[in-house]
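**Student:** model this:
(2 chains)
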Amino acid sequence: MSTIEERVKKIIIEQLGVKEEEVKPEASFENDLGADSLDTVELVMALEEEFETEIPDEEAEKIKTVQAAIDYVNNHSDD
Amino acid sequence: MSLENKVALVTGASRGIGKAIAQQLVQQGATVIGTSTSDKGAAAISDYLGDKGKGIALNVTDADSVQETVKSLEKEFGSIDILVNNAGITRDNLMMRMKNDEWNSVIDTNLTAIFRVCKAVVRGMMKRRNGRIINISSVVGTTGNPGQVNYCAAKAGLVGFSKSLAKEVAARGITVNCVAPGFIDTDMTKALTEEQKESIFANIPAARLGKPDEIASAVTFLASDGAAYITGETIHVNGGMAMV
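**Tutor:** All right, here's what the predicted structure looks like:
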């Protein structure tokens, strides 16, 4: 079983079409990983599916970096 | 123009233009879910759709119930490929006499509801990189009509809505267009007085009311794969009454 961090990174790599080494914790989706605002919306949708959760809009807006995504899932996950 | 294996959601499908749209989509092979505000309307839709879909009661002004309904429909039928926002009401009055309630209910049902339903449905379309949204506007949204500041504002508003959403989701294979009917022979236009009708006919080069099927065929075209490169557009279907 992969860790939450590994699963989040895998989704980011798939959704944004970036390389593994680019997905650093501090990397910003829009500034560093070339995502546009709609890509970020889709990324959140993919996270919701992977972790079977619903991320409210006001929380989703705060998920702008790799670390923020990992933190959100860690804080809202049962496993 | 086959719509085999497509799932369509048509709001306000119990009669008039919505019914014609649902029937034509079914003719092209789609499975159609039609909504009505009442259980009676929903039953009527189920009746005419037969095994090609079903009618459901849905209040498009209730955001939570729209979200839940779309979720349960997607579980039952699969993701929605085609959304036709057709449900609409009129509460006509001269602006100087118009009540807040007449304004608010028309804006809510004819414009804000489109935002709610689109928000619920676009998610699945984005994932599949494919989708068709067709919003039913009206010629009077472009030309204006005395006694209908609320209705005209809503119908013009959804053209702007459609263009903006079209730009947001075009790269995901989703198109968003409007069909703007002129005067069509439905219960809504039956409410017009003879005097109103005569003055309207004088301005329609085709010299007749349109048929619901003539709106439905434009919608069916926009819903097809062949219309993939048309987005943010409004097709006017009005017998020449307004050439935009």
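**Student:** near chain A, which residues of chain B are found?
**Tutor:** Within chain B, the positions near chain A by C-beta under 8 Å from any C-beta of the partner chain are B:123, B:126-127, B:168-169, B:171-172. C-beta here means a position set from N, CA and C on the backbone, and glycine is covered the same way.
**Student:** ChimeraX command for the buried members of those residues?
**Tutor:** Typed into ChimeraX, the line below selects the buried ones among the residues of chain B next to chain A, using 16 or more other C-beta atoms under 10 Å in any protein chain shown:
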select /B:123,126,168,169,172
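**Student:** and the next helix or strand past whatever helix or strand residue B:154 lives in?
**Tutor:** Using DSSP states H and E, residue B:154 maps to helix B:149-169. Counting by DSSP H and E, the element after helix B:149-169 in chain order, helix or strand, is strand B:174-181.
**Student:** distance check, the residue lying farthest from the centre of chain B against chain A.
**Tutor:** Going by C-alpha atoms, centre = their mean, the residue of chain B most distant from its centre is residue B:96, 28.6 Å out. According to C-beta to the nearest C-beta, to the nearest Å, residue B:96 and chain A sit 39 Å apart.
**Student:** pLDDT score assigned to that residue?
**Tutor:** We note a pLDDT of 96 for residue B:96 in this prediction.
**Student:** Provide the secondary structure category for it.
**Tutor:** Secondary structure, DSSP: H, G, I helix; E, B strand; the rest coil: residue B:96 is helix.
**Student:** quick one, phi psi at the residue nearest the centre of chain A?
**Tutor:** Compute the mean C-alpha point of chain A, and by C-alpha atoms, centre = their mean the closest residue is residue A:69, 4.3 Å away. As for residue A:69, its main-chain torsions (degrees, to the nearest 10) stand at phi -70, psi -40.
**Student:** contacting residues for it?
**Tutor:** Each residue near residue A:69 by C-beta atoms under 8 Å, 6 or more residues apart in numbering or on different chains is listed here: A:8, A:12, A:43, A:47, A:63.
**Student:** over to residue A:77?
**Tutor:** A:4, A:51, A:53.
**Student:** need the residues of chain B next to chain A in a markdown table (columns: pLDDT and distance to residue B:136).
**Tutor:** Below are the residues of chain B next to chain A laid out as a markdown table (pLDDT from 0 to 100; distance: C-beta to C-beta, whole Å):
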| residue | pLDDT | distance to residue B:136 |
| --- | --- | --- |
| B:123 | 92 | 22 |
| B:126 | 94 | 23 |
| B:127 | 91 | 26 |
| B:168 | 97 | 20 |
| B:169 | 97 | 19 |
| B:171 | 95 | 25 |
| B:172 | 95 | 23 |
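**Student:** and which of the contacts of residue A:69 is nearest chain B?
**Tutor:** The closest of these to chain B turns out to be residue A:43 (C-beta to the nearest C-beta; 11.4 Å).
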